[in-house]
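**Student:** quick one, what's the 3D model for this:
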Amino acid sequence: MHAQVAIASNALDTASLPPDAALTIHRVFMDRLQAHGRLVFADDMDARNLLRAVTSGPGLPPQARVWWGEVLATFAKNNRVSVRQPSTTPLVQVATLAELYRHWNDSVDVAVIATAASAALGVPAATGFLASPGHGPDVVTAHSAPTSPAIERLKDLADKGTLTHTSRRETFRQDVLTPLAAGAQTATIVDRYYFNRVWRPDDDKNAPGHVEWLLGALDAVMAPGAKVHIIAESQRNVSATDTAAAVHTAWNPPNTGRLGEAVLSLIARTAPARVPHDRHIRFSTGAAVLMPSGFDRLEKPTVADPNGMNWHYCWGPTKLADLRAAEQRTIALPHGRATILQRP
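**Tutor:** Next up, the predicted model:
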């Protein structure tokens, strides 16, 4: 759900356009980037040069400078920025398409260049982008970046929001969960019936169920020392401590992994209010997935329900604030808390 995007430090110069048109380009680009992008820089200096271009470089309308400053600050806070190690040639210094592919082919999905560099890099003026799937990143300008093929594929995936019957849950992990969880410091899961399967003795436990499968997926990609909090409803009056122990046994986490802590909070079934019906997982990267039908649709390696599994991608600040508020209301109810995993 997040493409790796590199932006040349001179790519945001829109001085040749009328102010209103320039503002529209910046607004659309930033919205799509916040929804479906992560920033990649050649080195620390490359990152500083883009920030300098935003704050004092040529060609940006004043309002666009404010917007871009907010976006860069948010991406840094949410750990959606990476610097290549070892460093490589910054996009602003790339002179030919072959050079761009040589230095950036394996690290980004979208390379945003200055309009003035388009002709030298072979970007058609009519479309504003050059795309060759499987052979290198989309090479785009600021005005065409929002509709680049790599970004459009992610938008289409989010708009569809369906894992069909018999689809592999690993597809959902690869296409949706891993990109959103990568580098996240925290993840919060809310699912009223999340631990039901743990207490079904007649269930087939040969394959990991959704509880341990999802924990394993997060353990592989979140930031080192990350924390996961699962909020669910107590089942069969089993305590939080016993539930945590059963999950740990079923998961059998490796000695090494990225998670520093995984905890659960079980809301008492006698609580004055219930855990929200709609389930979700929210990441500190500034993204969430809403699961109206529940995470148990991922209980088996393939989706068993003939109706498939529907999901909704959430990234806007208002919706994310609503999800945080639902978490806080729920955790304020009578509950028990226990640790599933605690690594040094």
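
**Student:** how about residue 3, what does it touch?
**Tutor:** 36-38, 109-110, 150-151, 154 (C-beta atoms under 8 Å, 6 or more residues apart in numbering). Glycine gets a C-beta too; all of them are placed from N, C-alpha and C.

**Student:** residue 127 now?
**Tutor:** Neighbours of residue 127 in contact, by C-beta under 8 Å, 6+ apart: residue 144.

**Student:** on that earlier part again, from the contacts of residue 3, which land in strands?
**Tutor:** Using DSSP state E, the subset of the contacts of residue 3 located in strands is 37-38, 110.

**Student:** make a PyMOL selection of whichever of the contacts of residue 3 turn out to be buried.
**Tutor:** In PyMOL syntax, the buried subset of the contacts of residue 3 is picked out as below (16 or more other C-beta atoms under 10 Å):
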select buried, resi 36+37+38+109+110+150+151+154
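
**Student:** let me know the closest of the contacts of residue 3 to residue 336.
**Tutor:** residue 38 (36.8 Å; C-beta to C-beta).

**Student:** which strand residues bridge that closest one?
**Tutor:** residue 4 (DSSP bridges).

**Student:** just to check, it is in contact with residue 7?
**Tutor:** No: Residue 38 is beyond contact range of residue 7, at 11.3 Å (criterion: C-beta atoms under 8 Å).

**Student:** so how far is residue 25 from residue 60?
**Tutor:** Residue 60 is 11 Å from residue 25, where distance means C-beta to C-beta, to the nearest Å.

**Student:** next, count neighbours for residue 75.
**Tutor:** Counted by other C-beta atoms under 10 Å, the residues lying close to residue 75 total 18.

**Student:** quick one: pLDDT of it?
**Tutor:** Looking at residue 75, its pLDDT is 97.

**Student:** surely it touches residue 81?
**Tutor:** Yes: the pair formed by residue 75 and residue 81 meets the contact definition of C-beta under 8 Å, at 5.2 Å.

**Student:** now do the shared contacts for these two.
**Tutor:** Common neighbours of residue 75 and residue 81 (C-beta under 8 Å, 6+ apart) are 38-39.

**Student:** what's the neighbour count on the nearest residue to residue 69 once chain neighbours are set aside?
**Tutor:** Of all residues not flanking residue 69 in the chain, residue 54 sits nearest, at 5.8 Å (C-beta to C-beta, 6 or more residues apart in numbering). Close neighbours of residue 54, defined as other C-beta under 10 Å, add up to 20.

**Student:** do residue 21 as well
**Tutor:** When neighbours are counted by other C-beta under 10 Å, residue 21 registers 12.

**Student:** likewise residue 180?
**Tutor:** Residue 180: 23 neighbours (other C-beta under 10 Å).

**Student:** tell me where the protein has helices.
**Tutor:** 19-36, 44-56, 62-77, 97-104, 149-160, 169-172, 178-181, 210-221, 240-251, 317-331 (DSSP state H).

**Student:** touching, residue 100 and residue 94? I think so.
**Tutor:** Yes: Residue 100 is within contact range of residue 94, at 4.6 Å (criterion: C-beta under 8 Å).
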